[in-house]
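S.K.: here is my input; please provide its structure:
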Amino acid sequence: MMKSLRWITAALAALAIGYYLFHGLTYVSPNEFEPAELAWVGWQMALPITAITLVPIVFACTGEGIVAAFSGRNSAEFRDALVGLGTIKSFRQTGLSVNDQPQVRIEFSVEGVDGKNFTAAAKMIVPLTELALLQPGVVLPVRYLPDRTDKVEVDRSGDTTIAQRAMNESMIRKGITTRHKLDIAERGIATQAVVQSLSVPGEIRDGHSKIELGLVVTRPDGSTFSTRVEKFLAPSLVGQVQVGRILRVHYLPDNEQEVVIALAVNA
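M.R.: Sure thing, here's the model as predicted:
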């Protein structure tokens, strides 16, 4: 739609300028004493002026990331596109800004819904206060088109369940978690646990290290029980499970020995 709008604007601008030139070159004055220069003066002067003013505005406002910045939504092309996981590889400012907020081009390594990986880029307007959050390794939900994987848009739907679902399917494919554990996280009792012990056996899956935690879990009534948990974690998340840390966990009342811990991916 944005491309169509640009083409229509460019075509109308060309017609406006063309008509002005045609009028000036073919104008025949009804008065022989009228200066020839007056052929270029009149209401038709507004046509090229309007065209020259309007074209840059339309092209700027329909640029990548600009519409999303104003509307808070993905473009129509990507609004219902597939959702994958984009890991930031690098980013840079493009030089364009809207209300002093810079446009950024982000290079992603994207994992699609089928588990395949590809490289893509996205442009978006980022508030200065959030610019520091864009760091290599940060994972963001992105929308992509299967037949055009060079370009993506960061998901702006605001639906966290979409991103969580994509993350869950990715972890299952990689053997980092199971559907049973995800079911415990969804249906289980939410509570807190204190890390009492931590060991690293050395097993690694897709860059995630296996850790074994000794936990003391607090029941809703205030009583506690002890259990051990195995989990695969990215190196950047190991700091969240050090001895003494308080974790958010889930468990089913009929099986207290199977506890699932919940950690933020982009901690």
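
S.K.: residue contacts, the one residue sitting closest to the centre of the chain?
M.R.: By CA atoms, centre = their mean, the chain has its centre lying nearest to residue 154, at 1.8 Å. Shown in contact with residue 154 (CB atoms under 8 Å, 6 or more residues apart in numbering): 86, 106, 122, 124, 140, 141, 142, 143. (Glycine included, C-beta is placed from N, CA and C.)

S.K.: run through the protein and note the low-pLDDT ranges.
M.R.: Along the chain, segments meeting pLDDT under 70 span 1-6, 27-40, 55-72, 264-267.

S.K.: now do the helices in it.
M.R.: For the chain, the helices defined by DSSP state H occupy 2-26, 46-61, 66-71, 160-173, 179-187.

S.K.: can you lay out the ones you listed as TSV showing mean neighbour count and distance to residue 224?
M.R.: Converted to TSV, the helices of the chain look like this (neighbours: other CB atoms under 10 Å; distance: least, CB to CB, whole Å):
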stretch	mean neighbour count	distance to residue 224
helix 2-26	14	57
helix 46-61	14	58
helix 66-71	16	47
helix 160-173	16	28
helix 179-187	14	19
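
S.K.: out of those helices, nearest to residue 220?
M.R.: Ranking the helices of the chain by their distance to residue 220 (criterion: CB to CB) puts helix 179-187 first, at 14.9 Å.

S.K.: so that closest one versus helix 160-173, what angle?
M.R.: Orientation check (axes from the mean of the first three to the mean of the last three CA atoms, to 10 degrees): helix 179-187 against helix 160-173 gives 160 degrees.

S.K.: and the contacts of residue 154, which is closest to residue 203?
M.R.: Among the contacts of residue 154, and counting by CB to CB, the member closest to residue 203 is residue 86, at 27.1 Å.

S.K.: would you mark the buried spots in stretch 87-102?
M.R.: By neighbour count with 16 or more other CB atoms under 10 Å, stretch 87-102 contains the buried residues 87, 88, 91, 96, 101, 102.

S.K.: which pair of those spans the longest distance?
M.R.: Using CB to CB, those reach their maximum pairwise distance at 87 and 96, which is 24.5 Å.

S.K.: do a quick rundown of the strands in the chain.
M.R.: 82-98, 101-111, 117-125, 139-145, 148-154, 189-199, 204-205, 208-218, 224-233, 246-252, 255-262 (DSSP state E).

S.K.: give me the angle between the first one and strand 148-154.
M.R.: Right, strand 82-98. Going by the same axes, to 10 degrees, strand 82-98 makes 70 degrees with strand 148-154.

S.K.: strands paired with strand 82-98, and their directions?
M.R.: In the sheet, strand 82-98 lines up against strand 101-111 (antiparallel), strand 139-145 (antiparallel) (DSSP bridges).

S.K.: return the distance of that strand from the chain's centre.
M.R.: 8 Å (CA atoms, centre = their mean, to the nearest Å).
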